[in-house]
Each structure stands twice: as structure tokens, then as C-alpha cells.
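Q: Below is the sequence, then the predicted model.
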Amino acid sequence: MLPPRLAQNDRFGIAFVCAGNICRSPMAEAIFQHQVSTAGLQDHVAVRSAGIGDWHVGEPPDHRTLEALTRHGYPLLGRRAQQFDPAWFPDLDLVVALDSSHERALRDWAPSESDRSKVATLLSFDPAQAASRDVPDPYYRDDAAFEQVLGMIEEASAQLFRQIRPAIT
């Protein structure tokens, strides 16, 4: 499922995708970027996030997303929501959906079987959470839901990073 070891000058391209790119996927982007930077691999990995829908394009992340990230020490400055563009597939090695509905949409948008094979759900990388499949959308819930979602994303992102690290080092 993961690509083979990359050539020395290539960057591993990864995109995290949720519904509107204001809650879950920006959290995943910030957390994963922090893991990459902490490992000193920021020159080898290109991390981005996007939404399936266009209804929040240009907006900053939800204030509860920013507050949860700040409480846990993850910077996400100047980030604005964007919609996933299927034209990105050639530049991406992995497209990580935050739930199974996003996974289905991304696979439908993929222009080739090779691109479809790049799509996976975030929780599929974490054996402890894989049965859940979906990171719940905290948008219509309280601050505690954002904390719960952040914890889920931290754990799954750590597992994902462990799995792709050999391809980028």
C-alpha cells in the first residue's frame, strides 16, 4: 500500500482530507507536520490538507480546532481551507481520508487505478483504532469532542509516520 523508498531528491507528498478542511484535516496536517519536523525530515515531506466540499474555502480553521491544537503545542498559522483537487494526485504519494465517505469520494475522483491505490483512511494505519474506520466530525459537538478527535489523530498519525518513515529516510 505504501510507495517504495523514494529517490533521494523526491519529497513524499501527503494530503489529509475531511469534509470542509476546517476541523479534522487541518488537525491532521498540523500534527503530522510536527512529527515530520521533530524528526528533521521537513525537507523530505510535503504535507497539506483539504476538504471534499468547497463551502469553507478561504476560511481559517474552526476556532475550536485552533484552540485544541494550541493547547497541545501544534502551530497552524495562516492556514486557510481549500478543496481537494484531483489534479493533485500525480504529486501525492498518499491521500489520507479522515472518514470512509471521504475515502469513497477520493477514490471516485482518482483518475487512475494507481491514484486510487494512494487513498486510505487515517485510522487504517493504527491497529488500535482501525476497526473504528472513521474519525468523527466534531463540528456540531462541544470542545471535548475536539480534544477526543485530536487524540485519535495524534495516535493514528504516529502510527502512519512510523510506517512511511522508511520510505523517506
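A: Cool, got the structure.
Q: max-length helix in this protein?
A: Longest helix of the chain, by residue count under DSSP state H: helix 143-168.
Q: And that one, how far out from the chain middle?
A: Distance of helix 143-168 from its chain centroid, counting by C-alpha atoms, centre = their mean, to the nearest Å, is 9 Å.
Q: Give me the mean pLDDT for that helix.
A: Regarding helix 143-168, the rounded mean pLDDT is 95.
Q: quick one: buried residues of that helix?
A: 145-150, 152-157, 159-161, 164-165, 167-168 (16 or more other C-beta atoms under 10 Å). For every residue, glycine as well, the C-beta is placed using N, CA and C.
Q: Then stretch 74-94?
A: Within stretch 74-94, the residues that qualify as buried by neighbour count (16+ other C-beta under 10 Å) are Tyr74, Leu76, Arg79, Ala81, Gln82, Phe84, Phe89, Leu92, Asp93, Leu94.
Q: mind checking the end-to-end distance for it?
A: One end of stretch 74-94 sits 22 Å from the other (C-alpha to C-alpha, to the nearest Å).
Q: what's the distance between that stretch and the middle of its chain?
A: That offset, for stretch 74-94, works out to 9 Å (C-alpha atoms, centre = their mean).
Q: returning to what we had before: just the buried residues of stretch 74-94: which are in strands?
A: Taking DSSP state E as the definition of strands, those contribute Leu94.
Q: Which of the buried residues of stretch 74-94 scores worst on pLDDT?
A: Leu76 (73).
Q: Ile31 touches Ile153, doesn't it?
A: Yes. With contact defined as C-beta atoms under 8 Å, Ile31 reaches Ile153; the gap is 5.6 Å.
Q: quick one, helices of this protein?
A: 24-38, 63-71, 100-109, 113-116, 143-168.
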